[in-house]
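Colleague: show me the folded form of this:
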Amino acid sequence: MTSFPLASLVTLLVLLLMAVTGVNVGRARERYGIKAPAVTGHAMFERAFRVQMNTLESAALLLPALWIYAGYIGDRGAGVMGIIWLGARVWYAVAYMSDPVKRSGGYGLSFLAFVGLWLGALWGVGRVMLH
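Modeller: Have a look, this model is predicted:
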């Protein structure tokens, strides 16, 4: 059996990040009196909500690329790029909550990590298909 400990750890940490952003939205709903299903009403709630949604959207792209990369290229590279993505997404979230204008650094780095995983996954799949 092939083992993917780093990709597995990154996946668990991505799930934790998604859970934390969800909890933050719930706390912001309560703090700012935003009743479900509303998603607008106070700037700080809206920031928390956008951080959560952007994280979910980005994770939906990341996770398949992470696992395809791990399977076809290697667990170590997938894990390193996944950790970079995680750190960048935390940077993004903290920056977005303090001042949305400052979110671009975290976003850009997380996007580069995703692109690296996606291109590596594509190369790995293509290499196998051509042989």
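Colleague: contacts for stretch 63-71 next, please.
Modeller: With contact meaning Cβ atoms under 8 Å, 6 or more residues apart in numbering, stretch 63-71 is reached by 2, 4, 6-7, 10-11, 14, 77-79, 81-82, 114, 117-118, 120-121, 124-125. Every residue, glycine included, has its C-beta placed from N, CA and C.
Colleague: same question, stretch 85-98
Modeller: 10, 13-14, 17, 21, 44, 47-48, 50-51, 54-55, 58, 62, 102-103, 105-110, 113-114, 117.
Colleague: which parts of it are buried?
Modeller: Residues of stretch 85-98 classed as buried: 85, 86, 88, 89, 90, 91, 92, 93, 95, 96, 97 (neighbour count, 16 or more other Cβ atoms under 10 Å).
Colleague: reformat those residues as TSV; add pLDDT, distance to residue 26 and secondary structure.
Modeller: Listed next are the buried residues of stretch 85-98 as TSV, based on pLDDT from 0 to 100; distance: Cβ to Cβ, whole Å; DSSP: H, G, I helix; E, B strand; the rest coil:
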residue	pLDDT	distance to residue 26	secondary structure
85	98	24	helix
86	98	22	helix
88	98	24	helix
89	98	19	helix
90	98	19	helix
91	98	22	helix
92	98	20	helix
93	98	15	helix
95	98	21	helix
96	98	17	helix
97	98	15	helix
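Colleague: between those, which is closest to residue 29?
Modeller: residue 97 (14.9 Å; Cβ to Cβ).
Colleague: any chance you could map the helices in the protein?
Modeller: Ranges of helices within the chain are 5-32, 43-72, 75-98, 104-130, based on DSSP state H.
Colleague: and the angle for the third one with helix 5-32?
Modeller: Using axes from the mean of the first three to the mean of the last three Cα atoms, to 10 degrees, the direction of helix 75-98 lies 10 degrees away from that of helix 5-32.
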